[in-house]
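Colleague: I would like to see how this sequence folds:
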Amino acid sequence: MLKFSRNKLVSIYSKDEDTLLAHGVLEDDIYGLEVDVTIGLSTLEILSVKGRWKRAENSQCARALPFLQEVTGLRIDEGFSQKVRKIIGRKACRHFADILLECCDAAQMAANVGRWENEKGKKHAEDSANARDGVTISAEPSPKPEEKDLRAQAQVKATGGMIIDLHVHTSPASPCSSARVYDIIQEAKRIGLGGICLTDHNHVWDPDEVEDLRQKHELLILRGNEITTDQGDMLVFGLEKEIKGIVKLKELREEVSAAKGFIIVAHPFRGFLTFGIGKLGLTPEEAMERPLFKYVDAVEVMNCKVTKKENRFAAKVAEGLNLPATGGSDAHEVSEVGIFATRFSQVITNEKALIEALRDGSYAPIAYREEREKGRHAYGITT
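Modeller: Numbering: from 1, shown residues only. Below you'll find the predicted structure:
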């Protein structure tokens, strides 16, 4: 069966008060390319463009790079997309045109959010000044749902998708974790994650407590649960029941199905390729026969607590079984948050939307911190 994979990732950074930096990457089974764009924030003018081939089909591809400079000076406004496709798409390469437009679209959305945040900050400063002067003012209302959705949509545009760490442990809910939930949240915000899922071991977070955290920290925080079964650890979403000890996977599947939830098998081959079984020559085809895969909805193929070899093996098994693949840090320390995550193509604002998105299958695992650092390194950003 013919298969073809293409991934795009865009990162937006603020160089100074009036300059945005966009870093775009396009990778597929044939091409690999990167583009760096400097954009004036107030005017949305293209100040500079630099492209690089990471992998090209033939030696002629390099001829496309000089034509990228022809968009310098253009503004991101009506007709911009057509100009880019005419100049870059025809003279240079349509792949560069695609990723350049993704970068500019994300920058425009980021600029809109920045203006919204500035207005919000000015309003807060005015209210504080009025309060000091003894003026009675009403409390600022919470953002309307549509405002929250707009910000979430902007994050999707700015990163090529909404990026969520689906596997995080906190202390004291998970005794094996050393990270407080507050510190986890602050780190997730610092590195630019769109959200996190609290998946503590055999622990169900109170929905009101999580909603309070979400409102206080202005970060999407979702609930999950890592449950130990007779066939390994499972990340469960949508099940309110708190399960202690070890449960049979078949019984867990029945309960999760009744609750219309979702099961991801976590680190399915942890230790398998290190102790014994790997030496026996376990193949992906043989691993696909494991009974557990009959009861799960997706496979975690990026987890920072296992080896690269085990992650790659899990990915091969997921592909062979045609099961969706996810990424999650399995963070037990603050510094581990976001090492791996999952990039969703749509906006996710609550747990119901998460489960619907997981069922839809329009997502992919991502080595988030690594991709983030690549973008920062491209601009010499060290803070």
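Colleague: quick one: the strands in this protein?
Modeller: Applying DSSP state E to the chain gives strands spanning 6-16, 19-28, 32-40, 46-55, 162-168, 195-198, 220-223, 225-229, 232-237, 262-265, 298-302, 325-327, 341-344, 363-366.
Colleague: any chance of these in a markdown table, plus mean neighbour count and mean pLDDT?
Modeller: All C-beta atoms are positioned from the backbone trio N, CA, C, and that covers glycine. Listed next are the strands of the chain as a markdown table, based on neighbours: other C-beta atoms under 10 Å; pLDDT from 0 to 100:
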| stretch | mean neighbour count | mean pLDDT |
| --- | --- | --- |
| strand 6-16 | 18 | 78 |
| strand 19-28 | 21 | 86 |
| strand 32-40 | 21 | 91 |
| strand 46-55 | 16 | 89 |
| strand 162-168 | 28 | 96 |
| strand 195-198 | 24 | 98 |
| strand 220-223 | 23 | 97 |
| strand 225-229 | 23 | 94 |
| strand 232-237 | 22 | 96 |
| strand 262-265 | 26 | 98 |
| strand 298-302 | 26 | 98 |
| strand 325-327 | 26 | 97 |
| strand 341-344 | 27 | 96 |
| strand 363-366 | 22 | 94 |
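Colleague: how about those, which one is nearest Gln82?
Modeller: strand 46-55 (14.9 Å; C-beta to C-beta).
Colleague: contacting residues around Lys305?
Modeller: His267, Arg270, Asp330, His332 (C-beta atoms under 8 Å, 6 or more residues apart in numbering).
Colleague: and which of those residues is nearest Leu41?
Modeller: Closest to Leu41, out of all of the contacts of Lys305 and judged by C-beta to C-beta, is Asp330, at 37.3 Å.
Colleague: Ramachandran angles for the closest one?
Modeller: phi 60, psi 40 (degrees, to the nearest 10).
Colleague: ok, now which ones touch it?
Modeller: His167, Val168, His169, Ala266, His267, Asn303, Cys304, Lys305, Glu336, Phe340.
Colleague: and the closest residue to the third one other than its chain neighbours, what does it touch?
Modeller: Excluding the flanking residues, the one nearest His169 by C-beta to C-beta, 6 or more residues apart in numbering is Ser177, at 4.0 Å. Neighbour list for Ser177: His169, Thr170, Ser171, Asp200, Ala331, His332, Glu333 [criterion: C-beta under 8 Å, 6+ apart].
Colleague: buried subset of the contacts of Lys305?
Modeller: His267, Arg270, Asp330, His332 (16 or more other C-beta atoms under 10 Å).
Colleague: Which members of the contacts of Ser177 are the farthest-apart pair?
Modeller: So, those by C-beta to C-beta: farthest apart are Asp200 and Glu333, at 14.4 Å.
Colleague: which residues does the residue most central in space within the chain bridge with?
Modeller: Geometric centre of the chain, nearest residue: Ile163, 1.5 Å, by C-alpha atoms, centre = their mean. Note on Ile163: beta-bridge partners by DSSP bridges are Arg343.
Colleague: Hmm, it is touching Phe340, no?
Modeller: No - Ile163 sits out of contact with Phe340 when judged by C-beta atoms under 8 Å, with a separation of 10.4 Å.
Colleague: who touches both of the two?
Modeller: With C-beta under 8 Å, 6+ apart as the test, Ile163 and Phe340 both reach Ile366, Tyr368.
Colleague: residue ranges with poor pLDDT in the stretch 101-250 of the chain?
Modeller: Counting by pLDDT under 70, the stretch 101-250 of the chain shows low-confidence ranges at 113-160.
Colleague: Recalculate using a threshold of 80.
Modeller: For the stretch 101-250 of the chain, applying pLDDT under 80 flags the ranges 109-161.
Colleague: where exactly do the helices run in it?
Modeller: 145-159, 181-190, 207-217, 249-258 (DSSP state H, counting those that start in this stretch).
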